[in-house]
Every structure is written in C-alpha cells, then in structure tokens.
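Trainee: Sequence below, structure please.
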Amino acid sequence: MTAQSSQRFKAVGELDAQDITLASSEPAANENADPPGQDAPEPDTKTRAHTHVTPDAWFDAKLDTLAALDPRQALAWRYEAAFAAHTLLLPHAPNAEARELLVNVLRRYEKRVRSAAGSADERTAQTTLALHALLDRGAVEELEPVMSELEVTLLTIDECVSEDQFRRHFTRQHVEPKLLLQYARFLAGRGFDIGYQRDRFEHLAQEILTSRLPSGKLLLTSRKRAANAVLRLTRGLKRPDTAALAAPLSYLRDSLDRLQNLTRAKQFFDSGFFPDISGYKISKPELITSPEFVYLCVALDVEVHNSLLAWSREAATPTKPAQGELGALQAELGQQLQAARAAFAGFQLPLGAAGAREAKKPKRRARTWSLPRSTLLRTAAACLLLAVVVCANLYALGVLRVTPAPEVLSSERVAKLSPLLLEGQLTDGGRRFAGTVARPTWNRMPARERKVAAETFAQALKAQGIDHGEVLAYKTRVIQVDYGSVVFVEEPSPQ
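Mentor: Below you'll find the model as predicted:
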C-alpha cells in the first residue's frame, strides 16, 4: 500500500494494525461482579434506576461522538463476527457437505485477505484480522463480495438451527460472552427482517447483559458497566436516527412502569401486556441495533422473568412445587409469543420450526374396507389389466410419453452451482435445472448481490452444459436462466 493511500485511510478513521484485535484481548462483555453467596443478601434486581435516564445519558448519544468508520476497520469487524459465527455454527451444520462448504468459504476469504496484504502467514485468525489494516481501497472493494458470500453461507446454516437448539446451546453456560457478542453482531450485520433472527439478537444481548443470582432471578448489568458491551455489540452496524428514538424508548419505559402495576399472573396474562410489547418489538426490527433500545428490551425481559419467578413461588403448593408452576407460566408466555408472531403473516421462522409443525400434524386414519379379500383382489387385478391396455394404446399412438425421473443432485454438486441453493434437480435429460433458496436469505440480499449471484449461477450452469435453470424461494420464482444468460432476477421489495 502506498504512503498516499495510507494517509488517505488514516484521515477517515486513524486506523492502525494495533487497533484491530480479537475480542479475546478485550474485557469480558459482562463485567458484573460474581453473584453473592447463598447467605449474603441479594442485590436489588429492579431495573428502573438503570432504564429511566435523561436523553444525554442514552448509549446512542455516546455513539454519536465516534469518528467516521474506516472501511478496512468495518471489514475487519465483519470478519471477526463471521469467524465467531463460523466457530459456533460449525457443530450445528446439518451434514458433512454443509460443514465442508462452510470451512472452504471461510478459508477462501482468509486466503484472499493474506494475498491482498502480501502475507503468506496462515497460522491464526488473529493474524488475518490484523492484516485488514494493510489493505488498500481496491482490495477492500474486491473482498466485499467474498465476505458477502461467507455471510450468506453462515446465515443459511443459522436457519437450520431450531429455536430449541439455539436457546439450549447459545448461552453463557456453554459459550464465552465475547463469542455471543460477536455472533449477535454477525446476525445484525445485514439488517433484520420481521422474523426469528431479531429475537435471537435480543436473546444473545440478554445473555451478555445479565447474570443469574442463586435465587434464579436475573440481574441487569448496570448502565455504567454495560456501556462497553453495548457499544461493542452495535459497533459498525447501521443504527436508527437518534431523533427517531424518542417515541420508541418512551414506549418501552412506559411498558416497564405498566409492568410494575401487574401484581398477579392472571392479571398479567389477561391484560395482553406481553403480546402487545412483543408485537411492538417485532414490528420494528430496525430499532434493535440502537444500543439504548436493546438495553431497554433486555430490561423488560429481566422484569418479566423475575415477575414470573415471584408469582410461581406465591402459587406453589406441596403437590405442585414452584418449579412446576414456573414451567406452566413460561409455557403460557410462549403461547402468547406465538400469538404475537402469528399476527405478522410474513414472520420468518427457522427451517427446523416448519418441520416441527409438520411433524405435529395428526395422521389420518386409514379407511377400513368391508368387501371380502378375494373380491378386492379380483377387482384390483381387473383394474390393473385395463390400465396396462389403455397405456399401451396411448403409447403406441404417441399420446403418452415416458419421462425419466428427475435426477436429484448431491449437496456438493448443488453447492458448486451456487452456495445459496438448498437443493436442486435435473430434468429433460440433464438440460433443465430446478432449485430452491431460503426465502429469508434471499430477502436480505440487496439488488446488486442478487444480480451477482444470478450471473455466477448462470456461468456455472453453462459450464456444466445445462441450458435452462430456475430458482424458487418458497413458491416464488427469483432467478431464471436460459442458455447461459440471466433473463429474470426478482428485485427487492420496496421498504
């Protein structure tokens, strides 16, 4: 990199190689002191002292003072978040082909970074991260589509993780807080639609910004201690305008006040409080990247959890202990969350959730025939003979043609056509391809990335001698290719 380009980038953000470090060298995301012992009095878990503050104390007000972001630093942070997502998602990949694809895409990006920076060192991700500081503007632009490919691949794997798996494994008991923080930033890096990924971001923020006391209550990290984690959680992300946050933040604080007046479980569930607040958060996914907004969302989660815990202990009996009562309250809370999600027709769920719903459908009972078995056999034989005679005549006249069964492609071959594809098959003697992509993944791609993906797909079809290709997202056609040329690409819906 020339001295002139180095000076140009330093003027943007004063970036140096030492400024780009892995989170392992940074303080832990949650700096709360260890919870008190069983005999020591527990701290006050009320959140009002941390949530009801003046606008000049909002986290967003502090972010507004930060300098403009250097594009190399932004790319380095994206790589850091993607590397953490790769570490966490690799064990949850659905099959060996998906794991191999994920590893290869990450290695391809790292190799391109080392090549652009003029380094052959392949020892650690720390080395690759620091090399971003040596990139010039042209190298950053060339690496952008490679990084996008890596992120799309990771998001596709994330869709395969069911909600139960996510809440069971992606916790502070199993994962270091710094990895949870980076993974949350990865999920938010390409923006949120109305769907499950916004809820996952909030869940990860709760894991980072709370600690569990011996009593089972959650303790919200104080505003002073949470500042470092909250600002790092949202760094490099597109944030809503501070002026537009006044009304949403006021709504969340009013909801916290309203919750204090709900003193019984029945009153809480009958009031519609939880569906109302859940629906509001679902309808505004773009606000979750505001540091102040996500902090208040976590505060609400803390207050709801602690309230359910207190009510379960009040209602406990010798035959039904508090733990069982808490499970019943949490189940009812889950039903209200599902009701809030159902109000949004386009709410996106992970792939595992759709499969789970299908598995719960009751099986239809087989019809019982009352005819004698011998009569059934003779009738079936006569029908079969008649069908053979009719089909033979139609085939002789040229009306009926035998069409070979579609050739279902392996995961490896599908991935060579495009990393976006979930499955694919060939018909018409291998000259026509039909495949599918995940609708949430496609919706997140801007128009430019869609066109690039379509052109790459068209060239891959041409190289394999496939004349026609069609890709669907759920039931909607999104890409059409004929003889190596892209004839149709679905445009993003206007926001």
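
Trainee: use CA for all of it now, contacts and neighbours both
Mentor: Noted.

Trainee: where does the residue positioned nearest the centre of the chain land in three-state SS?
Mentor: Nearest to the centroid of the C-alpha atoms of the chain, with distances taken as Cα atoms, centre = their mean, sits Gln197, at 3.9 Å. State at Gln197, reduced to three classes by DSSP: H, G, I helix; E, B strand; the rest coil: helix.

Trainee: I'd guessed it sits against Gly189; true?
Mentor: No: using Cα atoms under 8 Å, Gln197 is not in contact with Gly189; the gap is 11.3 Å.

Trainee: about what we covered before: compute the distance between the residue nearest to the centre of the chain and Leu204, please.
Mentor: Using Cα to Cα, to the nearest Å, one obtains 11 Å as the distance from Gln197 to Leu204.

Trainee: Other residues contacting stretch 267-276?
Mentor: Contact partners of stretch 267-276, identified using Cα atoms under 8 Å, 6 or more residues apart in numbering, comprise Leu259, Leu262, Leu333, Gln336, Leu337, Ala339, Ala340.

Trainee: Which parts of the stretch 151-300 of the chain are helices?
Mentor: Taking DSSP state H, counting those that start in this stretch, the helices of the stretch 151-300 of the chain run over residues 163-169, 177-188, 196-209, 223-233, 246-260, 265-270, 273-283, 291-314.

Trainee: can I get those helices in a markdown table with distance to Gln73?
Mentor: What follows is those, written out as a markdown table (distance: least, Cα to Cα, whole Å):
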| stretch | distance to Gln73 |
| --- | --- |
| helix 163-169 | 29 |
| helix 177-188 | 14 |
| helix 196-209 | 22 |
| helix 223-233 | 13 |
| helix 246-260 | 30 |
| helix 265-270 | 46 |
| helix 273-283 | 30 |
| helix 291-314 | 20 |
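
Trainee: Could you identify which of these is most buried?
Mentor: helix 177-188 (a mean of 25; mean count of other Cα atoms under 10 Å).

Trainee: before we move on, back to that, could I get the contacting residues of the residue nearest to the centre of the chain?
Mentor: Contacts were defined as Cα under 8 Å, 6+ apart; by that measure Gln197 touches Leu187.

Trainee: ok, now how distant is it from Ser211?
Mentor: 23 Å.

Trainee: What of Asp70?
Mentor: When Cα to Cα is applied, the distance between Asp70 and Ser211 equals 34 Å.

Trainee: out of the two, which sits in the busier spot?
Mentor: Ser211 (22 against 18; other Cα atoms under 10 Å).

Trainee: okay but that one is in contact with Thr221, surely?
Mentor: Yes: taking Cα under 8 Å as the definition, Ser211 is a contact partner of Thr221 at 7.4 Å.

Trainee: May I have the secondary structure class of Glu470?
Mentor: Under the three-state scheme (three-state DSSP), Glu470 adopts strand.

Trainee: now the one 10 residues further on
Mentor: Secondary structure for Gln480, judged by three-state DSSP, is strand.

Trainee: burial count for the closest residue to Lys238 other than its chain neighbours?
Mentor: Closest residue in space to Lys238, ignoring its immediate chain neighbours: Thr289 at 7.1 Å, by Cα to Cα, 6 or more residues apart in numbering. Using other Cα under 10 Å, Thr289 is surrounded by 25 other residues.

Trainee: distance of Thr289 from Val481?
Mentor: Distance, Thr289 to Val481, using Cα to Cα: 37 Å.

Trainee: Same check on Glu470?
Mentor: Separation of Glu470 from Val481 (Cα to Cα): 6 Å.

Trainee: More neighbours: which of the two?
Mentor: Remark: of Glu470 and Val481, Val481 carries more neighbours, 25 against 17, as counted by other Cα under 10 Å.

Trainee: Bridged to that one, which residues?
Mentor: Listed beta-bridge partners, Val481: Gly469, Val486 (assigned using DSSP bridges).

Trainee: ok, now Gly435?
Mentor: For Gly435, the residues forming beta bridges with it (DSSP bridges) are Gly424, Val471.

Trainee: which ones are touching it?
Mentor: When contacts are counted by Cα under 8 Å, 6+ apart, Gly435 is found next to Leu421, Leu422, Glu423, Gly424, Gln425, Gly469, Glu470, Val471, Leu472.

Trainee: Would you confirm that the fourth one contacts Leu409?
Mentor: So the one you mean is Gly424. Yes: shown here, Gly424 and Leu409 form a contact pair, counting by Cα under 8 Å, at 5.7 Å.

Trainee: And the two? Which one has more around it.
Mentor: The residue with more neighbours, out of Gly424 and Leu409 and counting by other Cα under 10 Å, is Gly424; that gives 23 against 15.

Trainee: Cheers, nothing more for now.
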